[in-house]
Every structure is written in C-alpha cells, then in structure tokens.
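In: sequence plus predicted model, see below.
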Amino acid sequence: MKVNGKTVLLCDCEGTIGIDEKSLAKLFDGQDVVLNTHLCRSQIENFSKVVSDGEAMIVACTQEAPLFIDVAAETGGDTPMSFTNIRERAGWSDEAKSALPKIKALISEATLDAPLTTSVVMNSEGSVLVYGSGQETIDIARQLAARLDVTCLLDGGGDDIQPLSLMDVPIFFGHISSLNGHLGAFEAKVDGYAPPQVSSRAGLNHSDTKDGVTLSTDLLLDLTGGDALVPAPEKRDGYFHPDTGNPALVQKALFDLVDLIGEFEKPRYITYDKDICVHARSAQVGCNRCIDACPTSAITPGNEQVEIDPYICAGCGSCASVCPTGAAKYQLPAGNFLFERIKLLLDSYRDAGGTDPVLLVHDTRHGEDMISTIARAGRGLPANVLPFAVNEVTQIGFDFFAVALGYGAANIAVLTGPGNRGETDGLESQLELMEAVTSGLGYGPGRVAIVDHADPDALAEFLYQMDAGAVIEAGGFIALGGKREIANLALNHLHEQAPEPVDILPLPAAAPFGAIEVNTSDCTLCLSCVSACPTGALKANPDSPQFTFTETTCVQCGLCRTICPESVITLVPRLNFTGDARSAMVVKEEEPFACIKCGEPFGVKSSIDQMVEKLSGHSMFPDEKALDRIKMCPDCRVFDVFDEADTPMVGGTRPKIVTTEDYLKERENLREEARDFMEEHGLDDTDDRDES
C-alpha cells in the first residue's frame, strides 16, 4: 500500500490490533492492504524486500525500530525510512474498532518529512571542577581523576579534612560567587581563593586568600547541596547538581560526567529576527516576554534587541510561544512544519469519517510514556483523540491553538509533565488568550486545556470524559507567512464560523492584539510615537502633519505610550474583525504652518501657536520681532538673526573672492590697454624693442 508516494508496512502485532483489511482498504482509495502479523520476526523478509527495492517507506511500528534499522543496514539498501506508532496510539484501546480514521490520519501524518534544523557545537576536553566541602568532595574528585582532568574546590574550612599524603588531585579553597557558560566553556568567579598549605598537618589549612579569581573548566560537579549556581540546572549542559543526600544520584552524575569528552552537537532551537523584535526602541523597553519566560536565562536584554545564547538555550520554546511578532521562532522542526502536520492529520481523519477530533499535544518523553502506559495497562486512548508529538509542549502558543481550531480540531489538550514544572507561565498566558477568543466568539469555554496528570488512569479518565465542543468547520487557509499573519488568518476563519460573531472582541491586559486611543486635543503631533513604533503600526505622512494607525500590525508593546511626551496614548487590548483593522486610519492631522517670511510650510499650526503663547514674555523673546522668529522656517530664522545690525556676530562686508580666472582676465585687459596706447601713438612692437 502506498500513501503520498511512500510504501506503508502494516502489522497487527500478532493479532493484538483489530484492523479490518477491507475497511482499511476503503479508506485508502481501495488499495490492496497487506496486513502483516509478525513483521519484525517471521515476516522480516517482507520488510527486506521493500528495502531492496529502494522505495521510501513507513513502518507502522516504533517499538522495533532499532531492529528494522539494523536489518536495512545489513541489506545494504539506502531506503528513506520513517516510523509511526498505531499500536499504543490507536490499536490498543477499548475503542479500537472505531479507530480506523485515526490510523489513517497517523499514517498520513508520517509521510511528511520534517525539515532539518541547524546546530551548534560544544567541545569538552574533560576538565572538571568538583565543588563542595568536606572529605567526601575530595574522595569523589579522586574517583574521577582516573578518567578526567580534575580540580577540587572546597567551600569552607579544612580543619576536619585529613591532608593527603600524596597530592594526586589539585585542591583549592574558595567560594563560587557566580558561574557563567556551558559544556566546554564554564567560567567560575571565586572569592576567598587559596591553595592549601603544604605544611598542613592535622587539618588542611590555607593562608592568604584572593577574591574575584576566574576558573575555567569544561564541566562542573556541584556537591554543595545548596542552591544551584545557574537557573534550571537540569537544563544546563555540563553542569551537575545532584542531591548529595542520595548516593545513587551522585554516582549517576559521575557516570554521566566521564562520557562528556569530545565534540557534542545540539540543535539551534531558536532563530531570532532582530528586525521585527519589539524589545526596545529609543532607549525605552517595550517587551520583555521572552526574557521573563526563559527558564535558563539564555536570553538577555540589549540596546534595541535581545541576545539569545544558543549554547545555554535548552529548547523549551517558551520564548517562541510568547513572542508577539515571531522574532523568536522555534526551529525543531524548522519553518511552519507543525501547521502542515496539523492540517494533514485533521484532514485525513475527517476524510476517513472521523468526528469530534481532540488534539492531544505531548512531548516525546513524559507524553509518550503516559500514552504507552494507558494503552498497555488501561483503556487506551479514545478513538477521537489524536496524539500530536512535539519536542516541547511549551513551544506552542496562541498561533498554534488558533490554527488547530481553525483546521477543525474540536478541542486541544496539552499534556505537561514533571519536566515542565515551573515553566508553564508562558503557555498558560497563551491559553488564557485563546480562552478569551473562543468564549467571546461563542464557541464556549474549555476548548483548550492544560492537563498535568502524573497518573495515567487520571489522564485517560479526563480524555474519555472530555465533551467535544460544537464542530468548527475546517478552514481552507494556508498557514504561510509570519506568526502574526498566520494567527490573523486563523482568527478571521474562526470569526467567520463563530456562533456569536462580534466585530470588536475585548481581550485581557497584555494581550498582543489591540488598538490605541489618543487624546487628540492634547497631542502636538511631535511624532515621537511614530519613531518608536517597531512594527510600523504607526506611520507619519511625509507630505503633511498627520499620522496613521494600522491595528492588525500593533502588538501592544506600549513603546508609543511610554515615549509620548504628552502622555496622551492609551493601549486598548482587543481584536477588531472589521476592515478598519487592516487599513491605515488617520489618528490626527492638522494644517501645516506657513513661514511668515518665505511662505514655505513647516511644523504644525497648533504647536507653533502654543510655543508663541508659552514663550511670550520670556527673556529670550522680549519683543514681537523675536517672537516672529518662532513663526519662521529654520532657514529664514537664521537669516533674520544675522540681518540685525546690533547682532554681535555680524561682521563687515565680505570681500570678493579672487580666482585665477580673475587674474588672467586682468592681465588680458592690461595687454589690451597697451595695444590701444601703441596704436594711438603710432608705435609697434619693433619700436618698443629698438628703444629698449
């Protein structure tokens, strides 16, 4: 059987998956469906034959993927191969008989090839700083010394430490005040740094200490038992902070440490487009969403943009989730591949007769384990629950929810796990925003939910009891473009299909959609807001005193409000579904003021009048003539100042500049006069020479 040009190998896993071949064949346009029973063992030749043919293939089994890869290598074929799990996700379920539409959807989804992402490289030569206190720290350092280049740093006194008879590990005293870096490039700032005295006898002593000493190391083992030296320590490559009260965890850290020598690649999870970042403009901060959401402190503020350290980034994707413009974009997978998957998955499910699809978004660790446990020891997933695996559930945001609902998902359940504890604030803010939209358009509450069940039975119960909302007709829009454009496409479709459509939908504070209100009576058209707007929502008219506002472009960063000298701007978070939102609407315009001397337009009439009124009587403007200069354009103002006789800067008449051409012309005139004189007196050049 072929799907989207790829050969699909199916197996009912020794008859434990109740797949009806005839029914499945109907779903795949009447193709002959060959259903294996023991593909990974007795029927492995069926797999080898497809490999030998060199056809791109999908194996509907993930449990035995390592075996299939080994067999393919032995066969010598170079067959593009991918895997999908229809057993735990569909076949092993109390509703397996109704799961054929889901099986088709899962197979169709697997035919997509994920685009590759770029990576960064970290190099470790095996130097490790073991940081702790007491004899135990020295013992662990000596244990590692056979495999790694170890330095031991003791935080505290050494009175209770027996000096080594053989100093086979470098030992120093000191307290780490700060730690920066990553695997292969850590830098620790140490205060109270000192080597032990070689004459230490009963206890390990030291003499004078230094502060601010920098120690460089590839790896760091923190055995202090206190607070970690870096945020989210479990996500910092090369940093180990085990529970010192649990010897098993300490030994696991040692086991992992000794393998960290060499070159290591990690994905570059985030791409950053500084041109559409709204972090700051004109020394004013407008958006800190990504900085606040990052659990590892990999994002730091800059002048008008942020800096993202790809070596510290752990790939949670929270920054991409909350970024209002898409300046920070998640790249695992790259591009808009997630939206392609959603559309194909839901379209295939619906075409096969599936109804009320619930999208279960989960990661490939905790989520996969939960689904497997439910299938093996419980009821399995409901037939209408479509598992959707992502690298990190915290990478998705409002645009993902809007697109999924716009493509026909009845509900979305996001399964979080222990690894997401304390890191879901960004995800929750995106869910609240989506809740405001679905409730405001009449779709009802609860369309999107975060599920944090550690008990597989509790998760299964939640999914079986979930009430699917009213069916949303799938949209035909294509999720292409930037984050903002894609979200607007999905929102417009949801508005068109809404049970209770409204033109203006209020949103919670800090929502990245909305308008501005301007107190135009106090606005002086200084246009500071226009220069500060990073998205182009505010624009000036180069031909007249005027500025406009385009609502669909505004991300409510607040830079215009912050920089406005008159404080006349207010943010209004909302969604405007009318055509006005897509048009540049005039906020304020005035007649330009004409220079009273040359008549050229400059400035704004109200501003000039206001300045004249405020400066009247000022010591620098003692009379009407001085006030009139305010009403002049810059050029005329300068000329007027230097035309006054009593101006101390006025000099005498400027002499004419004499050029070479003037000298040559003067000489020619003298020659002409000489010739005229000689002609008048009857002289010529010869007479001249004779006389001489």
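Out: Sure thing, it's come through. In this text, all values refer to a predicted model and were calculated from it rather than measured experimentally.
In: check contacts around the residue nearest to the spatial centre of the chain.
Out: Centrality entry for the chain: nearest residue to the mean C-alpha point is residue 328, 2.1 Å, by Cα atoms, centre = their mean. Shown here is residue 328, whose contacts under the criterion Cβ atoms under 8 Å, 6 or more residues apart in numbering are 270, 271, 272, 277, 290, 308, 319, 320. To be clear about C-beta, it is placed using only N, CA and C from the backbone, and glycine gets the same treatment.
In: tell me the phi and psi of it?
Out: Main-chain dihedrals, residue 328, degrees, to the nearest 10: phi -100, psi 120.
In: what of residue 602?
Out: Residue torsions, per degrees, to the nearest 10, at residue 602 are phi -160, psi 150.
In: kindly report the same for residue 601.
Out: Note on residue 601: backbone dihedrals following degrees, to the nearest 10 are phi -70, psi 140.
In: what pLDDT does it get?
Out: Residue 601 is assigned a pLDDT of 82 by the prediction.
In: wait, it touches residue 608, no?
Out: No. With contact defined as Cβ atoms under 8 Å, residue 601 does not count as touching residue 608 (11.1 Å).
In: overlap in contacts, those two.
Out: Common neighbours of residue 601 and residue 608, using Cβ under 8 Å, 6+ apart, are residue 593.
In: ok, the two, which is more surrounded?
Out: Neighbours were counted for residue 601 and for residue 608 using other Cβ atoms under 10 Å; residue 608 has more, 18 against 15.
In: now that one, nearest residue through space, not along the chain?
Out: Excluding the flanking residues, the one nearest residue 608 by Cβ to Cβ, 6 or more residues apart in numbering is residue 593, at 4.5 Å.
In: the one you found falls within a strand, correct?
Out: Yes. Assessed by DSSP: H, G, I helix; E, B strand; the rest coil, residue 593 belongs to a strand.
In: mind checking pLDDT for it?
Out: 82.
In: partners of it in the sheet?
Out: In this entry, residue 593 is beta-bridged to residue 602, by DSSP bridges.
In: give me the element the residue nearest to residue 79 when sequence neighbours are not counted is part of.
Out: Nearest non-adjacent residue to residue 79, counting by Cβ to Cβ, 6+ apart: residue 51, 4.9 Å away. In this structure, residue 51 sits in helix 44-53 according to DSSP states H and E.
In: show residues contacting that helix.
Out: By Cβ under 8 Å, 6+ apart, helix 44-53 touches 7, 9, 34, 36, 39-40, 57, 59, 68, 71-72, 75, 77, 79, 81.
In: can you give me the helices for the stretch 151-300 of the chain?
Out: 247-257, 289-293 (DSSP state H, counting those that start in this stretch).
In: rounded mean pLDDT for the shortest one, please.
Out: To tie it back to what came earlier, the one meant is helix 289-293. Averaging pLDDT along helix 289-293 yields 95.
In: what helices or strands is it leaning on?
Out: On a contact count with 3 or more Cβ pairs under 8 Å, 6 or more residues apart in numbering; DSSP states H and E, helix 289-293 meets strand 299-301, helix 318-322, helix 425-440.
In: got TSV for those, with mean neighbour count, distance to residue 587 and mean pLDDT too?
Out: Output for the helices and strands packed on helix 289-293, formatted as TSV (neighbours: other Cβ atoms under 10 Å; distance: least, Cβ to Cβ, whole Å; pLDDT from 0 to 100):
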stretch	mean neighbour count	distance to residue 587	mean pLDDT
strand 299-301	17	30	96
helix 318-322	27	28	96
helix 425-440	20	26	96
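In: quick one: secondary structure of residue 666?
Out: Three-state assignment for residue 666 (three-state DSSP): helix.
In: whoops, residue 402 was the one
Out: Per three-state DSSP, residue 402 ends up helix.
In: just checking, it touches residue 494?
Out: Yes. The pair residue 402 / residue 494 is scored as a contact, 6.7 Å apart, by Cβ under 8 Å.
In: residues contacting the residue lying closest to residue 245 once chain neighbours are set aside?
Out: Counting by Cβ to Cβ, 6+ apart, the nearest residue to residue 245 once its immediate chain neighbours are dropped is residue 225, at 7.3 Å. Neighbour list for residue 225: 132, 243, 244, 245 [criterion: Cβ under 8 Å, 6+ apart].
In: right, I'll call it a day here.
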